[in-house]
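Novice: what's the 3D shape of this:
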Amino acid sequence: MSLPDRPTVVTRWETGLPPALLGAIGKLSVVSAEIEKVLHEIYWKHAGISKIVGPIVTDNLNPKRLGEGIIKFAKIEKSDTKILDDLKKLLKEFELLNQKRNQFVHWTWSIVGVNVESTPTMSQSPPEIVPPYRLMKPIYKQSGHASIDVEVSEVENLCEDLSWLLRRLVPHSLEESDLRRVRSEAAALGSINGQSFSDLFWPAPWLD
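Specialist: Below you'll find the predicted structure:
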């Protein structure tokens, strides 16, 4: 530790945000990291490069550049039209969801009606604040709204949307033979509410 003089009374200060919101933001970060990992794997697959060479090639590519590259390589290798269409659909959805994700993760959270720059007061119990909460745009961003009000449920819903998007993207990272194998194994386990486990856990609408 480089700063041993840190006062715990400050470093252990509560954020004022409820556990449900903090948990949703944390899950959002975890799922987003998983999606980015899968995007790298999909890129490597369609670019025809190994998992050893892949990290060297895509090391500095952000998700947007990864998506652009995936579509370009999928077109070059003349992927099945259904695969290409599904990739376009999923990457467009990711672009929209990721904009909201970036706000939730990188913007400054505050409680509506409380000046974010005000001096906090000591308290032994968490504040009883009724949502919504407010997201303040980073000071270095010049375009867009200065702030937006957010309900906890909005963050939780975004987590659900991104979790399903992750589930939809994963099959695109697999070779067709491996995908058919895991789908067959999942199908053998049964179904829920009329939906096969293969479609729930390894959805691949482009397959026959």
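
Novice: contacting residues around stretch 80-100?
Specialist: Residues outside stretch 80-100 that contact it (C-beta atoms under 8 Å, 6 or more residues apart in numbering) are 32, 35, 39, 42, 63-64, 67, 70-71, 74-75, 79, 158, 161-162, 165, 168-169, 172, 205-206. Where you see a C-beta, it was placed from the backbone N, CA and C, and this is true even at glycine.

Novice: revised request: answer the last question for stretch 33-52.
Specialist: Under C-beta under 8 Å, 6+ apart, the answer for stretch 33-52 is 53-55, 57-58, 61, 63, 66-67, 69-70, 73-74, 77, 79, 87, 94, 162, 165-166, 169-170, 172-175.

Novice: and those residues, which of them are in helices?
Specialist: Among the contacts of stretch 33-52, DSSP state H puts 54-55, 57-58, 63, 66-67, 69-70, 73-74, 87, 94, 162, 165-166, 169 in helices.

Novice: name the nearest residue to the residue nearest the centre of the chain, sequence neighbours excluded.
Specialist: The centroid of the chain falls nearest to residue 32 when counting by C-alpha atoms, centre = their mean (2.5 Å). Spatial nearest neighbour of residue 32, excluding adjacent residues (C-beta to C-beta, 6 or more residues apart in numbering): residue 101 at 5.7 Å.
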